[in-house]
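In: Generate a structure from the sequence data that follows.
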Amino acid sequence: MGWEEDLFALFDDLEQQAAALYDADRDAELADRSRAEYQQVTLASRLMASVDRDVTLDVTGVGAVAGRLERVAAGWCVVRGPAQDWVISLAAVATVHGASDRSVPEVAWAAVTRLGLGSALRRLADAEERCVLHLLDGGRNEGVPTRVGADFVEVLVATDRQLLVPFGAIAAVQSHD
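Out: Residues are numbered from 1 along each chain as shown. Predicted structure coming up:
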């Protein structure tokens with residue numbers, strides 16, 4: 001029986017080697033798939049998973065905006081700060097601190113999250129809320145949004161002066177409670 005035990009030991013060893021090679025190959029394949037799938041993750045989906053967390057967003061033209069991430073939608077988010085709320089264009093976000101490691105794919109988002117920046121600005125216009133519009137170039141305009149077009153907001157900056165601001169120029173809108 002000695003030669004049979006040696007033969008079975010050899011077969012067991014070969015099977016263990018084959019299993020180890022399979023596991024190594026499978027691990028590499030899973031890592032490749034993981035990298036390939038991660039390219040589908042968007043900043044908005046990572047932020048969606050970070051709702052109700054304290055974050056700091058570095059915003060072009062504004063600087064650091066810290067607070068609780070309240071809402072994420074198509075191209076914008078709301079950060080509730082200690083004294084005011086911020087509507088921030090995701091195109092203006094340079095870096096995010098404090099985000100979740102997870103993401104929520106856009107197919108799992110509620111229908112209301114598909115609303116664009118214009119809908120957030122319409123809410124401010126309907127409330128006749130005084131705001132500061134921070135522009136990507138660092139400029140600021142204080143006033144009351146009055147009407148919102150397809151790609152711009154009309155802001156009353158003085159009692160008789162209207163200013164049109166394209167959405168593409170807006171970094172963030174700071175509203176006061």
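
In: residue contacts, the spatially most central residue of the chain?
Out: Nearest to the geometric centre of the chain sits A44, at 2.7 Å (CA atoms, centre = their mean). Residues counted as contacts of A44 (CB atoms under 8 Å, 6 or more residues apart in numbering) are 72, 74-75, 77, 90, 106. For every residue, glycine as well, the C-beta is placed using N, CA and C.

In: pLDDT of the helix or strand harbouring it, averaged?
Out: Secondary structure assignment for A44, by DSSP states H and E: helix 43-48. Helix 43-48 shows a mean pLDDT of 94.

In: same question, stretch 161-177
Out: The average pLDDT for stretch 161-177 rounds to 91.

In: ok so, going back, quick check: ChimeraX command selecting the buried ones in the contacts of A44.
Out: Paste this into ChimeraX to select the buried members of the contacts of A44, with burial taken from 16 or more other CB atoms under 10 Å:
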select :72,75,77,90
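
In: Going by distance to V65, which of the contacts of A44 wins?
Out: C77 (10.0 Å; CB to CB).

In: would that closest one count as being in a helix?
Out: No. Counting by DSSP: H, G, I helix; E, B strand; the rest coil, C77 is not part of a helix but strand.

In: pretty sure it is in contact with L90, am I right?
Out: Yes. Here C77 lies in contact with L90, judged by CB atoms under 8 Å, at a distance of 6.4 Å.

In: which neighbours do those two share?
Out: Residues touching both C77 and L90 (CB under 8 Å, 6+ apart) are 44, 47.

In: Work out the sheet partners of the strand ranked longest in the chain and label each with its direction, please.
Out: Determined from DSSP state E, the single longest strand within the chain is strand 63-73. Here strand 63-73 has these sheet partners by DSSP bridges: strand 54-59 (antiparallel), strand 76-80 (antiparallel).

In: got TSV for those, with distance to D137 and mean pLDDT too?
Out: As requested, the strands paired with strand 63-73 are exported to TSV (distance: least, CB to CB, whole Å; pLDDT from 0 to 100):
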stretch	distance to D137	mean pLDDT
strand 54-59	13	97
strand 76-80	19	96
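
In: All set now, cheers.
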